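Chemist: build the 3D model from these lines:
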Amino acid sequence: MKKILVYAMAAFLVACGENKSGNKSEEQVLEVDTLAEKKEAQKHVSAERDAVIEDELIASVYDQYNKIKTALVNSDPKTAKMVAVELIKSAGPELENTGLRESLSVMGNTENIDEQRESFSAFTAVVKNMVEGKISSGTIYYDYCPMAFNGKGAYWLTNEENIQNPYFGDKMLNCGTVDAKLQ
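Modeler: Numbering: from 1, shown residues only. This next block holds a predicted model:
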């Protein structure tokens, strides 16, 4: 019985190793995504603004705000900092009394994502005050996350009804509700 088992195993191994075409076996190539490639593929992109904002300067500030929001959704502190610094530098005297520079000062000086997200909450209040009453058509959504900042909650503006939470990024991307529609 043992001899039959040994012969059967030997025949099986020979059969498995046999290459009937006579060619050398080809190596199998595996594609492996790196963590960076996976993160790149998962990046969230904000919808285009359909709201028409009457004041070009305010429209520009809102568009920069949206870039920062998208960077925070993607947990990308370098981009958030870069856009904040650009916005601080480009803010002219007409934006002097809006609180814009103050609300961006922390974000422009750190790459700590938690500090940036806290600063973003104040920045949201400033930008909301700027765009309210200036939208001639379309919609900007005012979203709320009750869990942000240990249950204190926080708001953000967005071009789309779909929730993409800048306060938690991928950890809780869809946490929040549309609180208001600015039109």
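Chemist: what distance do you get for Val178 to Lys152?
Modeler: When distance is defined by C-beta to C-beta, to the nearest Å, Val178 is 19 Å away from Lys152. Using the backbone N, CA and C atoms, a C-beta is placed for each residue, glycine as well.
Chemist: for Tyr142, give me its contacts.
Modeler: For Tyr142, the contact set (C-beta atoms under 8 Å, 6 or more residues apart in numbering) comprises Lys128, Tyr155, Trp156, Leu157, Val178, Asp179, Ala180, Lys181, Leu182.
Chemist: try it again at 10 Å.
Modeler: When contacts are counted by C-beta atoms under 10 Å, 6 or more residues apart in numbering, Tyr142 touches 124, 128, 131-132, 155-158, 178-182.
Chemist: over to it. Which of the three states is it?
Modeler: Following DSSP: H, G, I helix; E, B strand; the rest coil, we place Tyr142 in the strand state.
Chemist: can you pick out the residue with more neighbours from Val178 and Lys152?
Modeler: With neighbours defined as other C-beta atoms under 10 Å, Val178 and Lys152 compare such that Val178 has more, 15 against 10.
Chemist: put the alpha carbons of the one helix or strand the more buried one maps to into CSV.
Modeler: With secondary structure defined by DSSP states H and E, Val178 is part of strand 177-182. Taking C-alpha atoms only, strand 177-182 is exported to CSV below (Å, rounded to 0.1, in the frame of the first residue of the first chain):
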residue,chain,number,x,y,z
THR,A,177,-26.0,66.6,6.8
VAL,A,178,-26.9,69.4,4.6
ASP,A,179,-28.0,72.2,7.0
ALA,A,180,-28.9,74.8,4.5
LYS,A,181,-28.8,75.7,0.8
LEU,A,182,-27.4,79.1,0.0
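Chemist: so for it, mean pLDDT?
Modeler: The average pLDDT within strand 177-182 is 95.
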